[in-house]
Each structure stands twice: as structure tokens, then as C-alpha cells.
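1. this one's structure only:
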Ligand SMILES: Nc1nc2c(ncn2[C@@H]2O[C@H](COP(=O)(O)O)[C@@H](O)[C@H]2O)c(=O)[nH]1
Ligand SMILES: [Mn+2]
């Protein structure tokens, strides 16, 4: 446990690499939103890997699931570790947002948090279920969420609605625009000039990042949202003007 605690302390306030980002965006009324995307960092990864192994499961994408009774010692411990990692994600995001707020000034008037890649115990149609939202966020009627497009696209603050489609999706919706091209394909297809042109045209200042995160590698968010229109209502559209990500060749010592 002490090793976990040390890990958590050391990583608090770190964002990581890949598509983890810190964005500054403006909404329709001119309010500035600080958008961050990262999760439980190495803490969640380490504990999930450990419990997967303890349950006899294999790590990887196309492997059989490891099944554990939720009322077993292992099951209870795993759920507690996952929930702790979830709380740690919230704490990390709060920390980073407040650090950015201290740098840019002003005070926070609204805050929207949401998990994805997480499991919740919920009741749907009278049934108690574990709902795993992988690449999806919870969107119960009135529940708000932050959904990004890319470093050079508008993001949105959305709210869940009540509709047959929303109910059928167990009150879940999209958590991002999603990729058009994988990381390697994006690096082969696009150039830094194209990426810079896209960002310049939209007035975005970028610090860090590589071609695999270029806007051209992603779908356009409005098209994705239109496909899921029955599950959400857009409350705010946020236009990015500054984006920070880990740069090309930067090493993240905390696997997440
Ligand atoms: N606002 C921003 N959104 C971004 C950026 N880079 C990627 N994205 C979007 O976030 C989701 C995250 O997906 P995940 O499956 O990796 O969790 C992704 O689908 C993109 O649409 C960015 O710099 N700013
Ligand atoms: Mn993510």
C-alpha cells in the first residue's frame, strides 16, 4: 500500500503523454474554460494490472475477460482499488485546473468532471448492473460532461437527456470525436506544416504534441455528436486558443 501511496504522491499534478492535454478555450459568452484530459495515471494502471494478474487474466486487447466474483475478497479489493483510482483522477484534474487557474488568473465559476473508462454500479429497469463505460461517458438526464474534438476543434459541454435512445444506451454518450487514423498512420500521412496551418487558421497556440495528435487524425466532433443526438444536449461550444501536450520524444515515466 505504501508503494501505491508514494506513486500517487509523485504523480499528482502530472498529465502524461499520448492524447492527454491541457486546453484553454472560450465559450460563446467569452468565458474561458480550462479543459484537461487524463485519468488515474500510473496508480490505476498498476492496480488494474495487479488485479488482472491475480485473477488469472491476460493483459492485451484481444484476450478473454478475467471474471471475478464481486463478493469475493479479490473482487471487493479490485472494486475498492478502482474507486480509489477514480477519486485520484478527480484530485489530479482539480490540481492541474487550479494550477492553470493560478497562472492565468480569475476564479472558477463552473466545474464539469466526468470519468470514462470506468465502471459504475447502477440500477436500470429494476436490474442492478455493473455498467462499464469504455470510450463513453455517463449522461443521465441533466448530468453534464466535457467532450473534446481535437487540439484544433471546438469541444463541448453537454448534458444528458431522457429519451428511448438514452435509456437504451444506459444513459451513456460519446466521450470524444475519436480517431480517423491510428498514431502511426497519422505520422505517415500528415506533415507538421499541415498541422501548423490548421492551428494557425483557427488561432490556436500549441505547445508540444506530435503529428499523431494532429486535428487531421481525428473525426469532426459535430458529425459524431449528430449521430448521438438522441443521447445529449449541447450546452456550450468551446473554441480552443491554447493547447499543451507532451512533445515529440518526451518520456512519461508513469505508464497510464
Ligand atoms: N479538446 C481536445 N480534445 C482532444 C485533443 N486531443 C484529442 N482530443 C479528443 O479527446 C478524445 C479522447 O479520447 P480517448 O479515447 O483517448 O480518451 C479523442 O477522441 C479526441 O476526440 C485535444 O488536444 N484537445
Ligand atoms: Mn481518455
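-> Ah, there it is. Remember, it's a predicted structure, so these values are computed and weren't measured experimentally. Ligands and ions are numbered 1, 2, ... in the order given.
2. which neighbours does the host helix or strand of residue 131 have in its sheet, and in what orientation?
-> Assigned by DSSP states H and E, residue 131 belongs to strand 127-133. With DSSP bridges as the test, strand 127-133 is paired with strand 118-124 (antiparallel).
3. Quick check: residue 167 vs residue 133, distance?
-> 15 Å (C-beta to C-beta, to the nearest Å). Every residue, glycine included, has its C-beta placed from N, CA and C.
4. Also residue 195?
-> 30 Å.
5. my guess is residue 89 meets residue 117, correct?
-> No: the criterion here is C-beta atoms under 8 Å, and residue 89 misses it with residue 117 at 9.7 Å.
6. Find the residues that touch each one of those two.
-> residue 39 (C-beta atoms under 8 Å, 6 or more residues apart in numbering).
7. Partner strands of the longest strand along the chain and their direction?
-> Assignment by DSSP state E gives strand 232-247 as the longest strand of the chain. Partners of strand 232-247 in the sheet, by DSSP bridges, are strand 21-26 (antiparallel), strand 155-160 (antiparallel), strand 205-209 (parallel).
8. Could you point out which of these sits nearest residue 110?
-> strand 155-160 (8.5 Å; C-beta to C-beta).
9. Quick one: residues in contact with that closest one.
-> 23, 25, 27, 33, 35, 112, 138-149, 166, 171, 173, 221, 225, 231-238, 240.
10. The residue lying closest to residue 252 once chain neighbours are set aside: neighbouring residues, count only.
-> Using C-beta to C-beta, 6 or more residues apart in numbering and skipping residues adjacent in sequence, the residue nearest residue 252 is residue 17, 4.0 Å away. Using other C-beta atoms under 10 Å, residue 17 has 21 other residues around it.
11. isn't residue 176 right next to residue 146, touching?
-> No: counting by C-beta under 8 Å, residue 176 does not reach residue 146; the two are 10.0 Å apart.
12. Could you pick out the residues of the stretch 1-150 of the chain near ligand 1 for me?
-> Proximity of the stretch 1-150 of the chain to ligand 1, by C-beta under 6 Å from any ligand atom, involves residues 19, 21, 23, 35, 37, 116, 135, 148-150.
13. quick one: low-confidence parts of the stretch 151-256 of the chain?
-> 255-256 (pLDDT under 70).
14. and with 90 instead?
-> 247-256 (pLDDT under 90).
15. what bridges to the residue most central in space within the chain?
-> For the chain, the residue nearest the mean C-alpha position is residue 37 (4.7 Å; C-alpha atoms, centre = their mean). With DSSP bridges applied, residue 37 shows beta-bridge pairing to residue 21.
16. Please look at it and residue 16 and confirm they touch.
-> No: look at residue 37 against residue 16 with C-beta under 8 Å: they stay out of range, at 9.5 Å.
17. Quick one: end-to-end distance for stretch 161-177.
-> 19 Å (C-alpha to C-alpha, to the nearest Å).
18. no no, stretch 143-158
-> OK, stretch 143-158 end separation, C-alpha to C-alpha: 8 Å.
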